[in-house]
Structures are given as structure tokens and as C-alpha cells.
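K.L.:
attaching a predicted model along with its sequence, questions to come.
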Amino acid sequence: MQVDPLHHRCFYVYGLGLSGMAVVGYLEDQMARIIVGDDKINDDVAGHAPQHVDDIDWGVVDVFVPAPGLPETHPAYVRARQEKCEILGELEIYAWKMMLADEAPRIIAVTGTNGKSTTTALIAHLMDSVTEGSIVAGGNLGLPLLKMPMDANWHVVELSSYQLDLQTSFASDVAVLTNLGVDHLDRHGSVEAYHGAKKKLFDQTCDHGGRLVLGVVDAVGLAWYQEFSGRTPRAKSVGLGEDAQIHVADGQLHVDGVTYPLDIPKSLQGRHNGENIASAIGACLAAGNELDELLSALASFPGLPHRLEHVLRKGELEFVNDSKATNASSTCHALRAWPGSYWLVGGLSKPEDLSILAKTAKETSAKAFAFGKDAGVFVDALSDFVPVTQCPDLEKAFHAAVAQAQKGDGGTILLSPASASFDAYPNFMARGEHFRGLVEAWGA
């Protein structure tokens, strides 16, 4: 095994969540010197006392490792740049780990704006069903990158723009683009920078001879496919229309002009999941699997918690938890999958155009119940299009929606917030668990 370039260097790891602690553990194994910091944690963590940005000796710091979501305006980030420290993310360190290993798993990497988690989980499910050996999903979904076992045959990793932005060395065996919209402008500053962070994955994978599976459901994805198909014969297009080599339409899968019937599980309801199915099938074919085996495994996919998750049906009411929908385009998919819903929307809104969301709500006859810190933002955006009830929090919105549904003919109570959760919850999972608890208490 080659000598790890991390050996004996000094790292300031800022942000001690799951990925940050995985970085710390890996660096310890490499005998690196480690300083840690966190905005909220003050007590010792794994034998390390968190230190404030102004209290450390920056003269000994070689590398700054920020948590994936740490803003570039954060004092630790600013100081690291001032001190001319090398800045690395966990994905770059993971890439080095893979390159330096005597034997390493093969990697399928998934990125995009929407559908990343479902596509990643579906790929892992299909691969686990049809291939021998161990398949492990992780990254932005599940295990942190540096905790994923090295004796696995395949790593299936979901990668965010935050992770991709802080790397220059990562390349996968198969790189998958679900779609490209607008998100995380508070971090990247522009749509071009956001898209550019993601494109690095495909440039680097292409340059290393990997295979590309590119969603062509939007103009940017189509342009990327046209570019990469001119650079490599290993690029495939996926999507919902005939312009894609692999696409889903009318409940059928089309692969290079041949049509196959699909047994689509309830966990993959909705037109948008056609994109996810096409992307996952494309990735698994690129990894060398047989199509007939993949089609047989599709029907048993259980779905993801908090992503169009069916929680309960009782009487005329159905409850769906889509807490993972943190932007407008993701929520549009949910509204189309569950038309006529009593829709719980709100939280900490993002700087994005809500006009498409409002139009989709009108087209699907949704009835909105806006809650959370930015409830007023959604009242303003939606009130000319659909009925909107403003509520102070999720619990009151839930009960208002249930009461209105019971006065009518029933229907679906849909939590699809189109917002971040940080105004009231530590993450979207906690918000989804709160919704699930409200449903269970109501149904008891």
C-alpha cells in the first residue's frame, strides 16, 4: 500500500456531525494531527476538545476540512483562506482512500437536483438483488463516505454539490445525473457555479474512462449529454421521452428502441419516479447487469422514509410524508403524484422562484396549509392560485388539514414542505418523524 499523503499533516476539522466524525476517525488511522471545531459542541468528542477559530494556532494547520454544508462566509472558512490553508472536503479524502487501497470497491456515484436519494437507494436495491457480493449505499444517503466498508464489492454513493465542490480527484466507475434545476444558491452564489460543482464529477469520471448516465429531462442535462457523447462512447441518456436512449413512458421501459413492461411498486408512484427508474436501470446496466433480472427486482423496492412515504390510510383519509422535499421542484412532483391533496407547506424557504409551484398547485387542485417561519412567503405566492390557510406550526397545520378533509369527501394529507426544516427541526428527518407521530396519534 502506498503512503497516505495525509500522514502526519495537521488538519482542522470543522463540523462534528456524522461526516465530520468519520473524517476524524479516518485521519486518526492515518496518524494525522487533528484539531476539531464546531459551532454547537463544546465538550470533548472522541478524545478531541473542540477549539474556536480564534483560539487555535493557525501556523500549524496544513489543511482545513469543513463540514459539507458549512457556508464559505463562516469565520473558520474565511480564516483558513486568509492563512492559505489547503481546503479539502470529505469526498477528496475518500477519493485518496480509494486510490491508495490495494483493493477498493467499484463506485456508482449519483448527483442531481432532485431524485438523488431515491435513485441511489433504488440502484443499491437492484444491485443487491441481482449481483453477488456486498453492495453498500452511502455518502449523502446513509453511511458517511469514510465509514463505508472497504470489503464491499460496490459503493453506491449520493453526492451533493457541497461535497463535489471541495474535490478535484474523485472519479467513479459509473456517474449518474438525475436532473438539474436550481438549488443551494446561498452556498454557490449562482446557478452556473452550482451546476459547475456537479459537472466536475462527469468531467473527471469521463477522463478516467468511466461510464456516464445522464438525465436529459432539462436543457442543461441534454447539453451535457451532447457534450459528453462527443467525448466518450460510454455515455447514455435517460429520461421520460423518446429523446433518451433509456426512458420510461406510459408505465413501460424503453431501452435502445425495445419496449419492456414494468411492474412499478407503490413506492415509485408518480411521473417523476419514471426518471428515477430510468436512471437506476441505466446505472445498473452500465455496471454490467442483465436487464431481465433488474426488471424482476424492481417490484420489491420498499421506497425511502420521508420521500413520498405512505404512512397510513384510514377511512377516506390517506397520509403521505414527503418531508425530504426541501425545494419547489421536488414538491411539484409530489403534488402531481397526489392531486387534490390537503398540502402542508412551509418552514425555512429558499431563495427560488415559486411561480411554478403555484401553477402546479392550481393544476393539481391542491389546498394549501402554510406553516413555519416563512408561512407568509407561501401565502403570498399561492393565495392567487389555490386556497391557503396560514398556521403557526406543523401540528396546527396538520389538524386544520384533517378537519377540512373530513368535512369534504376525504383525500390525501400531504406533507411536502418545499422548504428547509431548520426553523423548527434539526433536519428533514425530524420533521418527517413529527408528521408521522401526528398521524399515528390521530389514527390510534
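P.N.:
Received, thanks. Residues are numbered from 1 along each chain as shown.

K.L.:
so, low pLDDT: which residues of the stretch 201-350 of the chain?
P.N.:
Under the criterion pLDDT under 70, no range of the stretch 201-350 of the chain is flagged.

K.L.:
with adjacent residues omitted, what lies nearest to Ala278?
P.N.:
Val238 (4.1 Å; C-beta to C-beta, 6 or more residues apart in numbering). Yep, even glycine has a C-beta here, placed from its N, CA and C like the rest.

K.L.:
now that neighbour, what are its backbone angles?
P.N.:
phi -130, psi 160 (degrees, to the nearest 10).

K.L.:
same question, Ser267
P.N.:
According to degrees, to the nearest 10, Ser267 has phi -70, psi -10.

K.L.:
count the residues that sit near the residue lying closest to it once chain neighbours are set aside.
P.N.:
Of all residues not flanking Ser267 in the chain, Gly303 sits nearest, at 2.8 Å (C-beta to C-beta, 6+ apart). Gly303 has 19 neighbouring residues, counting by other C-beta atoms under 10 Å.

K.L.:
so the residue nearest to Ala278 sits against Ile277, correct?
P.N.:
No - Val238 lies out of contact with Ile277 (C-beta atoms under 8 Å); the separation is 9.1 Å.

K.L.:
pick out whichever of the two has more residues nearby.
P.N.:
Val238 (33 against 25).

K.L.:
contacting residues for that one?
P.N.:
Val238 makes contacts with 213-216, 244-247, 275, 278-279, 281-282, as judged by C-beta atoms under 8 Å, 6 or more residues apart in numbering.

K.L.:
mind doing that once more with 10 Å?
P.N.:
In this structure, Val238 makes contact with 119, 176-179, 213-217, 221, 225, 244-248, 255, 274-283, 285, judged by C-beta atoms under 10 Å, 6 or more residues apart in numbering.

K.L.:
try Arg234
P.N.:
If a contact means C-beta under 10 Å, 6+ apart, then Arg234 has 174-175, 205-206, 209-213, 228, 286 as its contacts.

K.L.:
isn't Ile281 up against Ala244?
P.N.:
No - counting by C-beta atoms under 10 Å, Ile281 does not reach Ala244; the two are 11.4 Å apart.

K.L.:
these two - which one has more neighbours?
P.N.:
More neighbours surround Ile281 than the other of Ile281 and Ala244, with 27 against 24 (other C-beta under 10 Å).

K.L.:
any idea how far Asp57 is from that one?
P.N.:
From Ile281 across to Asp57, the span is 53 Å (C-beta to C-beta, to the nearest Å).

K.L.:
show me the contacts for the residue lying closest to Ala104 once chain neighbours are set aside.
P.N.:
In space, and not counting its chain neighbours, Ala104 is closest to Met98: 4.6 Å by C-beta to C-beta, 6+ apart. Counting by C-beta under 10 Å, 6+ apart, Met98 makes contact with 104-107, 145, 148, 150, 155, 169-172.

K.L.:
ok, now with 8 Å
P.N.:
104-105, 107.

K.L.:
three-state assignment of it?
P.N.:
Three-state assignment for Met98 (DSSP: H, G, I helix; E, B strand; the rest coil): helix.

K.L.:
buried subset of the contacts of Met98, written for ChimeraX?
P.N.:
Buried residues within those, by 16 or more other C-beta atoms under 10 Å, are selected in ChimeraX with:
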select :105,107
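
K.L.:
just put the contacts of Met98 in CSV and tack on distance to Gly15 and secondary structure.
P.N.:
Shown next, in CSV, are those (distance: C-beta to C-beta, whole Å; DSSP: H, G, I helix; E, B strand; the rest coil):
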residue, distance to Gly15, secondary structure
Ala104, 26, coil
Pro105, 26, coil
Ile107, 24, strand
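
K.L.:
quick one: buried residues of stretch 68-85?
P.N.:
So, applying 16+ other C-beta under 10 Å, buried residues of stretch 68-85: 68, 70, 74, 76-77, 79-80, 85.

K.L.:
which parts of stretch 148-163 are buried?
P.N.:
148, 152, 154-163.

K.L.:
average pLDDT for the host helix or strand of Glu433?
P.N.:
Element membership for Glu433, per DSSP states H and E: helix 428-443. Across helix 428-443, the average pLDDT comes to 97.

K.L.:
so which elements touch it?
P.N.:
strand 309-314, strand 317-321, helix 394-407, strand 411-415 (3 or more C-beta pairs under 8 Å, 6 or more residues apart in numbering; DSSP states H and E).

K.L.:
if we go to 7 Å?
P.N.:
Contact partners of helix 428-443 among helices and strands, from 3 or more C-beta pairs under 7 Å, 6 or more residues apart in numbering; DSSP states H and E: strand 309-314, strand 317-321, helix 394-407.

K.L.:
pick the most buried one from the ones you listed.
P.N.:
Most buried of the helices and strands packed on helix 428-443, by mean neighbour count (mean count of other C-beta atoms under 10 Å): strand 317-321, with a mean of 23.

K.L.:
got the angle for that one vs strand 411-415?
P.N.:
Going by axes from the mean of the first three to the mean of the last three C-alpha atoms, to 10 degrees, strand 317-321 is angled at 20 degrees with respect to strand 411-415.

K.L.:
could you point out which element follows strand 317-321?
P.N.:
As assigned by DSSP H and E, the chain's next helix or strand after strand 317-321 is helix 328-337.

K.L.:
strands along the stretch 201-350 of the chain, start to end?
P.N.:
Under the criterion DSSP state E, counting those that start in this stretch, the stretch 201-350 of the chain contains strands at 211-215, 235-239, 246-249, 252-255, 258-261, 309-314, 317-321, 342-346.
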